[in-house]
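Asks: coordinates only, sequence not included:
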C-alpha cells in the first residue's frame, strides 16, 4: 500500500517504465559494467514487495512482450522525471490495471490473479480507513 508514495519525481524512484543504460531516473536500468557483472535492474519494484510475486510478474511481462513481439521504446537518454507518469499512483489503481489485463491471468493463472487482487483490495480498503497524522494536522483541525 505504502510503496506507491515513493514513486514521485526526483525521488530516486521511477515514475514511468522508460529504460536506459546507467540512467537512475528510469524504471528499467542497465548499469554500465563489465560483461561478467552485466545486469538489468527493475527499479519499479519496491523493497516491500513480495519477491516471488515481483519476480513472477516481471518474468510474465517479459514473456508477454516477446510473445506479442512488442518492441521496446528507444532508450531514454535524458531525465525520465521530465516524462509523464506511466505507473499507477496507488494500490487501487494498480489493481484496476491488473484486473484489466487478461494476458497476465493467462500466464500466472486466473485463480492466482483473482485471489491476489482480492487480498490486496482488502488491504487497500483497510488502509484507506486510517486517518494519518498529516490529515489530522492539516485537514481535520482546519475545518
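Replies: Noted; the coordinates are in hand. Just so you know, these numbers come straight off a predicted model, no measurement behind them.
Asks: Where do the strands of this protein begin and end?
Replies: For the chain, the strands defined by DSSP state E cover 19-21, 28-30, 41-42.
Asks: Now render those strands as JSON lines, adding distance to residue 2, mean pLDDT and mean neighbour count.
Replies: From N, CA and C alone the C-beta is placed, and that goes for glycine too. What follows is the strands of the chain, written out as JSON lines (distance: least, Cβ to Cβ, whole Å; pLDDT from 0 to 100; neighbours: other Cβ atoms under 10 Å):
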{"stretch": "strand 19-21", "distance to residue 2": "25", "mean pLDDT": "96", "mean neighbour count": "18"}
{"stretch": "strand 28-30", "distance to residue 2": "23", "mean pLDDT": "95", "mean neighbour count": "19"}
{"stretch": "strand 41-42", "distance to residue 2": "19", "mean pLDDT": "94", "mean neighbour count": "16"}
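Asks: Pull the residues that contact stretch 123-135.
Replies: 1, 2, 90, 91, 92, 95, 140 (Cβ atoms under 8 Å, 6 or more residues apart in numbering).
Asks: Report the contact partners of the residue minimising distance to the centre of the chain.
Replies: In the chain, the C-alpha closest to the average C-alpha coordinate belongs to residue 44, at a distance of 4.6 Å (Cα atoms, centre = their mean). Contacts for residue 44 (Cβ under 8 Å, 6+ apart) come out as 7, 14, 17, 27, 28, 87.
Asks: Out of those, grab the one that's most surrounded.
Replies: Neighbour count (other Cβ atoms under 10 Å) singles out residue 14 as the most crowded of the contacts of residue 44, with 28 neighbours.
Asks: Assess the claim that that one and residue 25 are in contact.
Replies: Yes: with contacts counted by Cβ atoms under 8 Å, residue 14 reaches residue 25, the gap being 7.0 Å.
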